[in-house]
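Colleague: Just a sequence and a predicted model for now, questions to come.
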Number of protein chains: 2
Amino acid sequence: MTTTQVDQRVSLAVSTVIFALRPDPSTGRQTLWLPLVRRIREPYEGKWALPGGPLEAHEDLAASARHTLERTTGLGDSYLEQLYSFGAVDRSPDRVVSIVYWALVRPDEDARAIDGENVEWFVADDVPDLAFDHDDIVRYALDRLRAKITYSPIAHAFLADEFTLAELREVHEAVLRKSLDPANFRRQVLAGRTIEPTGTCLTGTSHRPPALYRAAARPEEIAR
Amino acid sequence: MTTTQVDQRVSLAVSTVIFALRPDPSTGRQTLWLPLVRRIREPYEGKWALPGGPLEAHEDLAASARHTLERTTGLGDSYLEQLYSFGAVDRSPDRVVSIVYWALVRPDEDARAIDGENVEWFVADDVPDLAFDHDDIVRYALDRLRAKITYSPIAHAFLADEFTLAELREVHEAVLRKSLDPANFRRQVLAGRTIEPTGTCLTGTSHRPPALYRAAARPEEIAR
DNA sequence: CCACTTAGAGTGAAGATGACTCTAAGTCCT
DNA sequence: AGGACTTAGAGTCATCTTCACTCTAAGTGG
């Protein structure tokens, strides 16, 4: 029962899948991107991994995820939600359980992003072979995001405070990777009462000015 | 930064919300019950708490939850799913993060249940004041169960291998605490293709014998 | 053999969904 | 100035789903 007491402890890490919408380099259309960190020590030295770190004794889980977000992108204010906890015995040479969050970064924040040490962004559906079980985690996060956007108003989290219906639709299209009918999308979203008109219109477009909307309730309040 | 190194470590526990359907003592209708364990040491000595324990270095998260199930009820084979991880700094005097699973116990299993040490069952919607943040956890589990049963075939997990549509409906009614139209329930469930007829009927009823069904796919495969 | 109970099929109104058309309100070009 | 162009946003209609309800089927118990 008692071999080496040192390696017997289970350690706890918090990792964060940070999603932002940026143009696809080939098609030019908006797609999901995420930042990865190159590992600078064993195990998996040289491989890409999700940003994260050990949970400090004085910080909450979400706070740890927020610190990771800050360290990786320089950003602070983003939607954050717990995704899942991964704890298979063999997922790492040393026993570590990872509690994974996801962050959805707004475009106005994303514009100010400054990559941290050894950080590089990748198209979320086309990441390289990752360290540990991080491939599984990214896939799981994508599945969940695509499922959740259809029944929950998280799409707001990818937008600034005020936005047009076209922008909201573009978020859905980018996440789901398919185009949606503008008229039907409008009807459905308005029926859901999750957004409300600000009363103003966006000006400066080369066509009819679209109305601006804001979120009627913060997405946090409409968790699953 | 460094005060007492001993208390600085974060420890990890796995707790399990074990749900079973049993008759309500007052109304006699099926309701959700769960077992709690009386704490025999500080903190919260004497209070009721969710069953669980520290994560052992050699066991997976789900395995730990399964051990808790075994220790608490004597049962082994039940549906098990990860619920959420709770890690607020102040949820316990010593810093502990709890990864919470839920188990759904089938009636044939439940009949064989043997309560462990200091274990007592309670109506899930009427639990006493619990230790730590376990009140929140129970509430969260109930919310999730009620939400999930409407779009996922987890209700099977509360039934034996073969069951009638009336039994499946009773599970839904017990969880949601409202009665459902038998005819519409039948149509919806059959349209979902999640169950298939065994070809046999249940006999011995004092009325028309109902057809028996089985799950078409294990609920595990239809996670969210 | 008739009353009673639950199984399971069917019906019609109301609501949601999806493909599509049409008008509104701007800018850009000539 | 005026027409072409673009996107906003309302409206139409057929189809599908949902829900409350009715009706017949098939057993048991008196």
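Modeller: Thanks, I have the structure now.

Colleague: Contact residues of chain A facing chain B?
Modeller: Residues of chain A lying close to chain B (CB under 8 Å from any CB of the partner chain) are A:7-10, A:12, A:55-61, A:82, A:84-85, A:87-89, A:95, A:97, A:99, A:144, A:147, A:224. Just so you know, the C-beta spots here come from the backbone N, C-alpha and C atoms, and that holds for glycine as well.

Colleague: Which ChimeraX command selects the buried ones in those residues?
Modeller: Of the residues of chain A next to chain B, the buried ones can be selected in ChimeraX as follows, counting by 16 or more other CB atoms under 10 Å in any protein chain shown:
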select /A:10,12,55,56,59,60,61,82,84,85,87,95,97,99,144
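
Colleague: Filter the residues of chain A next to chain B down to the ones in strands?
Modeller: The strands, defined by DSSP state E, take in A:12, A:82, A:84-85, A:97, A:99 from the residues of chain A next to chain B.

Colleague: and the residues you listed near DNA strand C, which?
Modeller: Of the residues in these, proximity to DNA strand C by CB under 7 Å from any atom of the strand holds for none.

Colleague: Show me where chain A has its helices.
Modeller: A:5-8, A:61-73, A:107-110, A:134-151, A:165-176, A:182-191 (DSSP state H).

Colleague: If you average pLDDT over each of those, which is lowest?
Modeller: Comparing mean pLDDT across those, the lowest value falls on helix A:5-8: a mean of 51.

Colleague: In CSV: the helices of chain A, plus distance to DNA strand C.
Modeller: CSV is the format used below for the helices of chain A (distance: least, CB to the nearest atom of the strand, whole Å):
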stretch, distance to DNA strand C
helix A:5-8, 52
helix A:61-73, 32
helix A:107-110, 22
helix A:134-151, 10
helix A:165-176, 12
helix A:182-191, 3
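
Colleague: can you list the domains in chain A?
Modeller: Structural domains annotated on chain A: A:3-148, A:154-221, as defined by automatic domain parsing.

Colleague: measure the closest residue in space to residue A:11 that isn't next to it in sequence to residue B:185 for me?
Modeller: Spatial nearest neighbour of residue A:11, chain neighbours left out: residue A:96 (4.9 Å); criterion: CB to CB, 6 or more residues apart in numbering or on different chains. To residue B:185, residue A:96 is 45 Å away according to CB to CB, to the nearest Å.

Colleague: Can you give me the distance of the residue nearest to residue A:11 to DNA strand C?
Modeller: To DNA strand C, residue A:96 is 42 Å away according to CB to the nearest atom of the strand, to the nearest Å.

Colleague: how many other residues sit next to that residue?
Modeller: 16 (other CB atoms under 10 Å in any protein chain shown).

Colleague: just residue A:54 next, same as before
Modeller: Counted with other CB under 10 Å, residue A:54 comes out at 12.

Colleague: Residues of chain A that sit close to DNA strand D?
Modeller: A:164-166, A:182-184, A:186-187, A:201, A:205-211.

Colleague: Start and end of stretch A:84-95, how far apart?
Modeller: 17 Å (CA to CA, to the nearest Å).

Colleague: Using PyMOL, define a selection of the buried residues within the residues of chain A next to DNA strand D.
Modeller: One line in PyMOL is enough to select the buried members of these, burial here meaning 16+ other CB under 10 Å:
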select buried, chain A and resi 164+165
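
Colleague: Residue ranges in chain A under the pLDDT threshold?
Modeller: Flagging of chain A using pLDDT under 70 yields the residue ranges A:1-8, A:218-224.
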